[in-house]
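Novice: What follows is a predicted structure for the sequence shown.
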Amino acid sequence: MGQVRDIMEKNVITIDQNKNALDAAKLLDEKDISFLVITKDNHPIGIVSERDFVRKVVANDKTASTMSLESIMSKKFRWVTPDSQIEDAVQKMLNNNIRRLLVLEDEKIVGVITQTDLAAFLRSKLLINETIDNIESEKP
């Protein structure tokens, strides 16, 4: 089916762990994205998503400018390598009930794969297969 490198998003937005929740929220809004990778010395140490903000900041009536990213980030992120099979990435996402996987190479972030990436890949694969089937059925 292919490797993760074939469908991963290479432009991953990161933020340093020393920033606060307000900084992260502003970056999410500015970039129009739903999550950030938190880094320490250019290595990923966690992920913060819009969901984290709702559950850990808004729902608890906290002030984002006073909250550290470490207090709201998910530290148990899952990852794959660029040469991982797409099927393995899908299985990892399903097994862990997660929406995204970081793609790491030598402990550095090189990409991310999301449910949206997978859906787009599968859609194009289905369309290609359907086209091939149609062409083959039209042969005399």
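Specialist: Looks like it came in fine. Residues are numbered from 1 along each chain as shown.
Novice: confidence score at the closest residue to Arg99 other than its chain neighbours?
Specialist: Distances taken as CB to CB, 6 or more residues apart in numbering place Gln115 nearest to Arg99, at 5.1 Å, with adjacent residues excluded. For glycine as for every other residue, the C-beta is placed from the backbone atoms N, C-alpha and C. Gln115 carries a pLDDT value of 89.
Novice: so who does Gln115 touch?
Specialist: With contact set as CB atoms under 8 Å, 6 or more residues apart in numbering, Gln115 has these partners: Met93, Arg99, Arg100.
Novice: For the second one, list the residues it contacts.
Specialist: Right, the one you point to is Arg99. By CB under 8 Å, 6+ apart, Arg99 lies in contact with Met93, Thr114, Gln115.
Novice: So what does the last one look like in phi/psi?
Specialist: Dihedral pair for Gln115: phi -60, psi -40, per degrees, to the nearest 10.
Novice: how near is the residue nearest to Arg99 to Ile98?
Specialist: 9 Å (CB to CB, to the nearest Å).
Novice: now do Leu27
Specialist: Leu27 is 21 Å from Ile98, where distance means CB to CB.
Novice: hang on, the earlier thing: and the contacts of Gln115, which is closest to Asp106?
Specialist: Arg100 (20.3 Å; CB to CB).
Novice: now the closest one, which residues is it bridged with?
Specialist: Beta bridges link Arg100 to Thr114, judged by DSSP bridges.
Novice: Surely Gly46 touches Ile72?
Specialist: No. The pair Gly46 and Ile72 fails to qualify as a contact (CB atoms under 8 Å) at a distance of 9.1 Å.
Novice: more crowded one of those two?
Specialist: Taking other CB atoms under 10 Å, Gly46 and Ile72 do not tie; Ile72 has more neighbours (22 against 19).
Novice: for the closest residue to that one other than its chain neighbours, what are its contacts?
Specialist: Spatially, and ignoring its direct neighbours in sequence, Ile72 is nearest to Lys56 (4.3 Å; CB to CB, 6+ apart). Lys56 makes contact with Lys62, Met67, Ser71, Ile72, according to CB under 8 Å, 6+ apart.
Novice: Fine, thanks again, bye for now.
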